[in-house]
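sequence unknown, structure follows:
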């Protein structure tokens, strides 16, 4: 494949490109609506890159150039350099620790001139590639637990580093790679266990400690009672149930409180509790007494963001207020509205119909990516495509869910829409590598 | 490999779909079902701002603006944007030090956060305003100048007439619930500002504005299409003559009392002086609160509008009315004579009422020389008239006259806080003495305007207008017309003549004759106005005050009531100088004559200028008030001295901190002894006399607010 192919457009999935351009356009419009103030000289400030929307447009141009380069690159290049890229990503993540600049509570940003650079954001690309590379190795037998553990480690190692940089939200994104592993044969049980664990944790938040313990015990007894015929044949079944019951009660009574008291910060606990609409229990507040004392003078309403965001979105009604008539987002009632809460601008300005269109676009994007994944001949391409779908899905679902009060507030951007150069470039690169790989879908990559 | 686990792709798609459905369901709930968020958003972002129209102006009878609006300039600061300015230069412009600058910035942050503007300095002086305006560009964004309308008084006169504006309190809000006031608003509290509030305030407008998360205004909402424009307050045209008012206030300076002048033809009040008064501008602007409490605690009560809110026994001015009653009742005629051998003995053993000029008088000379005996006899005949079977009925008949003359009840003047005054009725006496235990002799002093009878200056002036008009008056009022019409019916009662009794002109002529005599040969002859036929009546009012629980006789009030010219009266006027001692002719009459001259001739002749100056400079502050002023002054001084001492002690303590306690104690004791010295030296400061010696009246401080030329 060394000979140059003059038609780089050959095999490109144009539907993805169009969706991409549409989403970026919506994003630029939303950022413009959120930051434009009456009387700004639009053209002038656009050319000088002084305003957020012009900066974002500048990044979009860079992203287009990068996309072009990616399309010109041999698709073998990505599988060949996947491991190297992973190492590079880890290197950058480690580089953050000595070099990070202190910007609003995060320790994940390196300042390069006037631009901020967030390795935790673009490291997702390398993880997706590396995971795909590992899973597509001929010698990898993914039915083996050892392989599953290694794959898990590849995904979670950068997450651990990211957590150390106080970016829990970005770290959680790496969990989405389990969707890839699930597709490649991770036992369903793990998925079931994962969902059960999530349900258990939510239940821990909602119910009183001992009420929940009683509920779990009753559940366990009922299961044993209804399956009594089976355990006559297999004693291990009972043991499993008892073991599960013990584990659940243990998590609920000890593990969760321990995490809330020792691992998480108070504001994180508050965000989690505010999602289920409850006050933080006193015992957790007391466990964080030092933090309480430190923030006593600037006691901030932790529900403020979500409440304002819900007001903004809710006030859009069916058709929205119109682009520049959205009072809530235009006058800064919603914090972080250019970045993590950009969905509010869409919700307020264009109403339910607008959000429906945006969600529809996203859903088409995800379905298209999954369809593309399934038509790959090469495992590498398929795994990578699933990686892209998973990461996009996680970002979209969690970001929107947090703006409407369905998920705790974790600062992750909305793909292609949120303001931020790193995130726009990251998502663009991820998508266009996929497009490039898909263009060569008849090839089997190793 | 590719078919392996392919079914799982559907599960993954299902997970995606479920998540999106949940999100869409929540969005559907937020945006379509739940309606509360639109309202919450409006509460967040829309500010309903009341637009205050300018208050109406007040003009005098020559169409001069006597109550105006002016702009004062406040320097505003937005602390968050004031960083990085040349503080030193700024402080030099504002004549403050950097510590003061920091203090003000911090207090504005505390008051209004650092994002919102607060007042850095209110009501800039013209010099500071000019300096700041010139250099404002250096402090852009952080500082700006904001104009604020306040009331201004171009002639600095008539404080008691105009009253003042004040912030409305909860009581006021309750009382005027339908007028749309909100707390923080200003409204007229007294004077015509209060009685014509409805006309003066105009109609408020509403402006809808967009605000941001720090409540900073971002611009009009919906381009102002929902706004309601404000309508300016109506101007008031009054009958006041501001020149005359100023002259009156000048003549009454350093005296306690009042002057009321009415145009008898219209009932319009020409001048209404209440002394001591204050510069009305004193109660506007930023220092309002401080000045108010100063005025409020002043023993001379400058906030009291004595013209309507002080009641005195009318003294001999009352005799003119008794003459009317006597003549109309037919108990005397113009030729009836009574003799006075020095006192009125008509009540047998009771204490005789003294008479000043012994002799024989008929009606005209009785008035002219203010003979007590004559009018005691007149009233005795009225009361003991066999026409009336009982003491009750005769007094009631007499009451009818008095009420008709406008006494004993509120006239309904448009300057608020009017008093009723008192005309004794049979009911009153029954209560005091018991039924049947009283007769004319019990209250004989009423006949000469002493005892149970009391009148307000406005009532006396009105009674002069009544006599001048020969039988009718129009309720005295300040405001003649309201620009744009009297929409609230505020002026209706000032449109009609009041004709309370049917008394023939001849009776009035007889009284006029006596009153003219007063000026030509009687008790008021020292107060003639060259070239004008004035009818007047003096009064010298005995009065008492409660001092330490005992009624102690105080110096007489000097009274004078008059109208002029006799043939075609244009002014009815009265003056009272409280506790001046001497007679009505001594102070009140000359003051009235000067007022009449100024009004009729528009100027005071050169020959009478010295009289004007003498009257203006005479100091007649009542001794009781003087005592109180001195007591309060010394109290203030001793408090100041105490404060000074405390400061000094603190300084000493700071320097002695390392030393032993006893030393500090000793110093404290020593200091206490020394303390009196500074207080004494202060007392001897020139210009702040402690005691009033009659010979040097000019040295007594004029009410602090006034600057007179």
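Ah, there it is. Because the structure is a prediction, the values reported are computed rather than measured. Numbering: from 1, shown residues only, chains lettered A, B, ... in the order given.

so how far is residue B:283 from residue B:296?
Distance, residue B:296 to residue B:283, by CB to CB, to the nearest Å: 11 Å. Placement of C-beta: from N, CA and C, glycine included.

the more surrounded of these two?
The neighbour comparison of residue B:296 against residue B:283 (other CB atoms under 10 Å in any protein chain shown) goes to residue B:283, with 25 against 10.

any idea how far residue B:68 is from the more buried one?
Distance, residue B:283 to residue B:68, using CB to CB: 15 Å.

and chain B, what are its domains?
Per automatic domain parsing, the domain ranges recorded for chain B read B:7-34, B:50-236, B:308-617, B:633-691.

check which helix or strand covers the residue nearest in space to the middle of chain B.
What sits nearest the mean C-alpha location of chain B, by CA atoms, centre = their mean, is residue B:160, with 3.0 Å. Assigned by DSSP states H and E, residue B:160 falls within helix B:159-162.

and the following helix or strand past that helix, what's buried?
Going down the chain from helix B:159-162, the next helix or strand is strand B:165-167, by DSSP H and E. Under the neighbour-count criterion of 16 or more other CB atoms under 10 Å in any protein chain shown, strand B:165-167 has B:165, B:166 buried.

partner strands of strand B:165-167, parallel or antiparallel?
Paired with strand B:165-167 in the same sheet, following DSSP bridges, are strand B:186-188 (antiparallel).

contacts for the partner strand, please.
B:163-168, B:172, B:176, B:181, B:194-197, B:200-201 (CB atoms under 8 Å, 6 or more residues apart in numbering or on different chains).

of these, which count as buried by neighbour count?
Taking 16+ other CB under 10 Å as the criterion, what is buried in these is B:163-166, B:168, B:172, B:181, B:194-197, B:200-201.

and the strand or helix carrying residue B:540, what's its mean pLDDT?
Using DSSP H and E, residue B:540 maps to strand B:535-547. Regarding strand B:535-547, the rounded mean pLDDT is 86.

what's the answer for stretch A:362-369, then?
On average, stretch A:362-369 scores 95.

starting at the chain centroid, how far to it?
Relative to its chain's centre, stretch A:362-369 lies at 16 Å (CA atoms, centre = their mean, to the nearest Å).

just stretch B:451-470 next, same as before
With CA atoms, centre = their mean as the basis, stretch B:451-470 stands 21 Å off its chain's centre.

which residues are in contact with the residue nearest to the centre of chain B?
With CB under 8 Å, 6+ apart as the criterion, the residues that contact residue B:160 are B:191, B:272, B:273, B:274, B:277, B:305, B:306, B:307, B:415.

next, give phi and psi for the closest residue in space to the first one that isn't next to it in sequence.
Translated: residue B:191. The shortest distance from residue B:191 to any residue other than its chain neighbours is 2.1 Å, reached at residue B:163 (CB to CB, 6 or more residues apart in numbering or on different chains). Residue B:163 adopts backbone torsions of phi 70, psi -170, taken as degrees, to the nearest 10.

and what of residue B:121?
Phi and psi for residue B:121, reported as degrees, to the nearest 10, are phi -140, psi 130.

any idea how many residues pack against it?
By other CB under 10 Å, the residues close to residue B:121 number 18.

surely it is in contact with residue B:73?
No. Using CB atoms under 8 Å, residue B:121 makes no contact with residue B:73, being 9.3 Å away.

quick one: the helices in the stretch 551-700 of chain B, in order.
Along the stretch 551-700 of chain B, counting by DSSP state H, counting those that start in this stretch, helices occupy B:588-601, B:609-617, B:623-656, B:661-674, B:676-683.

the helix or strand hosting residue A:391 close to chain B?
In this assignment (DSSP H and E), residue A:391 forms part of helix A:379-403. Yes. Counting by CB under 8 Å from any CB of the partner chain, chain B is contacted by helix A:379-403 at A:379, A:382, A:386, A:389, A:393, A:397, A:400, A:401.
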